[in-house]
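**Q** quick one: sequence plus predicted model below, questions after.
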Amino acid sequence: MLKPSRLKTYNVSAEVEDEVYTLYTCPANCSAQMNLLFLANANGNTSVNVGWYRVQYDDTFSILGGKNLVSGDFIQFSDAVIVFEAGDYLTVQATGNATPDIDVLCTVEETFKPVG
């Protein structure tokens, strides 16, 4: 039996140095598969951090740590899947540039879990 699901794309622009932006949070009563994560640098040399907070472990794990991108660089993760459980989230942080402009998007398939 197929479970109801939906495909969604989320995006954020990291435009304040050292600020942590939440790109995606897996909703309650769902699990999700992220099959695309895309980051693009639109301004200067910027280091990028991407973290995955996992509720199960109450800890954040580094997906991308301190990756330096020059203007015009991009990174695309599309050959693997990240599986999120309810409450897990992905964060993005731009550092090392007073005026960063890191655009990030992800596409996820959220699968609804029955309540009860």
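**A** Thanks, I have the structure now.

**Q** where does this structure have low pLDDT?
**A** By pLDDT under 70, the low-scoring segments of the chain are 1-2, 116.

**Q** spatially central, which residue of it would that be?
**A** For the chain, the residue nearest the mean C-alpha position is Leu90 (4.1 Å; C-alpha atoms, centre = their mean).

**Q** so what sits opposite that one in the bridge?
**A** Per DSSP bridges, the residues bridged to Leu90 are Tyr24, Trp52.

**Q** could you do Glu110 as well?
**A** Note on Glu110: beta-bridge partners by DSSP bridges are Arg6, Ala32.

**Q** go on, Asp59?
**A** Going by DSSP bridges, Asp59 forms beta bridges with Arg54.

**Q** is there a neighbour count for it? I'd like the number.
**A** Counted with other C-beta atoms under 10 Å, residues neighbouring Asp59 total 10. All C-beta spots, glycine's among them, are computed from the backbone N, C-alpha and C.

**Q** give the contact list for the residue nearest to the centre of the chain.
**A** 22-24, 34, 37, 50-53, 63, 82, 84, 106 (C-beta atoms under 8 Å, 6 or more residues apart in numbering).

**Q** nearest to Asn97 among those?
**A** For the contacts of Leu90, the minimum distance to Asn97 (C-beta to C-beta) is 16.1 Å, reached by Val50.
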